[in-house]
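**Q** please find the sequence and the predicted model below.
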Amino acid sequence: MNIPCPYCQHPITPGATTCPGCGTSLLREATPQSAEPTCGYHPRRLSLAICDRCGTFACAECLRLNSRQEVVCQRCHALEQDTPLPWDLREELGTFTAWWKTVVAVMFHPDTFPTFRPEGSAGESLLFAVLCAVPTSIVGGLSYMGFLSFVPYLLSSGNPSRDSVPSWLGPAMFVAIMILGPLLSAAYTVIQAGLDHLVLKMGGVTRGFQVTLRANAFSQAPWLLGAVPCIGPYVAPVWGLVARVFAYRGLHRTSWGVALAGCLVTPLLSCCLCGGIYLSLIRTLGGFN
């Protein structure tokens, strides 16, 4: 649920202190002896909305969006207990069980993200992303190893030469992919979450980078499908993108529009930038000819 800006009527996400439409500060000072309602926590500020739970007048800084999509004051929001994800219960469930249950929850019940605890350490988030990359790395490594083992037969028309392809190259490729795959996944998660967080901040979210990193890491659960031959590499990115929209919206308690922008703005700008560079190179090379 959004609140209309008192100046331009642009919808505002609870927790934002400036209007994304007109840029005006929403922290309005109250006029002495004025009949306008003031914030129950900051009496010198005008109220922006009423808490849906307790009816308290609250200013822009004190408003939040809870898991039921209600506009509530900071006290009612603090009283709401966030549900831990199975990943947060690793000591009780075991790491593999907690990981698998979280994967299932993210893939098949992404609408429950608003009820999950938004906070978590960066290390825990990256560990989840790394584990999601391991199955795809195993399949990719085995595929390359099998292909390199079959190359001598292709080059020698059924009579392989032992000197054509070193026997150690296939296993070495498997080990390299098993090491580099999860590491690159962790690096990609940090970079993508950082860029997405900048867009989300411009959309008015107030929670920190660790929430964005946590949401981004959990949304990589569908990448497990990348281990499925043929269809997996095509289905996993789309499923992961949908999960990331739900994750950003749920953990940041923001609107669908802001969550969608946080997921799409960076890749779209990257495509435009790469496409522009590519076209410039073509025109430059064409000019030389």
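**A** Okay, I see it.

**Q** distance of residue 282 relative to residue 276?
**A** 11 Å (CB to CB, to the nearest Å). From N, CA and C alone the C-beta is placed, and that goes for glycine too.

**Q** then residue 174?
**A** 38 Å.

**Q** repeat for residue 44
**A** Note on residue 44: its distance to residue 276, by CB to CB, is 50 Å.

**Q** residue 107 is in what secondary structure piece?
**A** For residue 107, the host element (DSSP states H and E) is helix 95-108.

**Q** so for that helix, mean pLDDT?
**A** Averaged across helix 95-108, pLDDT comes to 94.

**Q** and it, C-alpha only, in CSV?
**A** The C-alpha trace of helix 95-108 is given here as CSV (Å, rounded to 0.1, in the frame of the first residue of the first chain):
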residue,chain,number,x,y,z
THR,A,95,23.3,-27.0,6.5
PHE,A,96,22.1,-29.2,3.6
THR,A,97,18.5,-29.6,4.9
ALA,A,98,18.3,-25.8,5.7
TRP,A,99,19.6,-25.0,2.2
TRP,A,100,17.2,-27.4,0.4
LYS,A,101,14.1,-26.3,2.3
THR,A,102,15.0,-22.6,1.5
VAL,A,103,15.5,-23.5,-2.2
VAL,A,104,12.0,-25.1,-2.2
ALA,A,105,10.5,-22.1,-0.3
VAL,A,106,12.0,-19.6,-2.7
MET,A,107,11.1,-21.5,-5.9
PHE,A,108,7.6,-22.4,-5.1
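
**Q** and it, what does it pack onto?
**A** With contacts taken as 3 or more CB pairs under 8 Å, 6 or more residues apart in numbering; DSSP states H and E, helix 95-108 sits against helix 122-155, helix 232-252.

**Q** of those helices, which stretch is the most buried?
**A** The highest mean neighbour count among the helices and strands packed on helix 95-108, using mean count of other CB atoms under 10 Å, belongs to helix 232-252: a mean of 20.

**Q** which element follows that one toward the C-terminus?
**A** From helix 232-252 onward toward the C-terminus, using DSSP H and E, the following helix or strand is helix 256-288.

**Q** okay, angle between that following helix and helix 232-252 too, please.
**A** Relative orientation of helix 256-288 versus helix 232-252 (axes from the mean of the first three to the mean of the last three CA atoms, to 10 degrees): 130 degrees.

**Q** and this structure, what are its domains?
**A** Domain assignment for the chain by automatic domain parsing gives 1-80, 86-288.

**Q** higher neighbour count, residue 174 and residue 276?
**A** Neighbour totals were compared for residue 174 and residue 276, and residue 174 leads with 20 against 10 (other CB atoms under 10 Å).

**Q** roughly how far out does stretch 9-26 sit from the chain middle?
**A** 23 Å (CA atoms, centre = their mean, to the nearest Å).

**Q** with stretch 216-233 instead?
**A** The chain centre lies 15 Å from the centre of stretch 216-233; the measure is CA atoms, centre = their mean.

**Q** quick one: closest of the helices and strands packed on helix 95-108 to residue 224.
**A** For the helices and strands packed on helix 95-108, proximity to residue 224 was assessed by CB to CB; helix 122-155 is nearest, at 5.7 Å.

**Q** I'm done for today, thanks for sticking with me.
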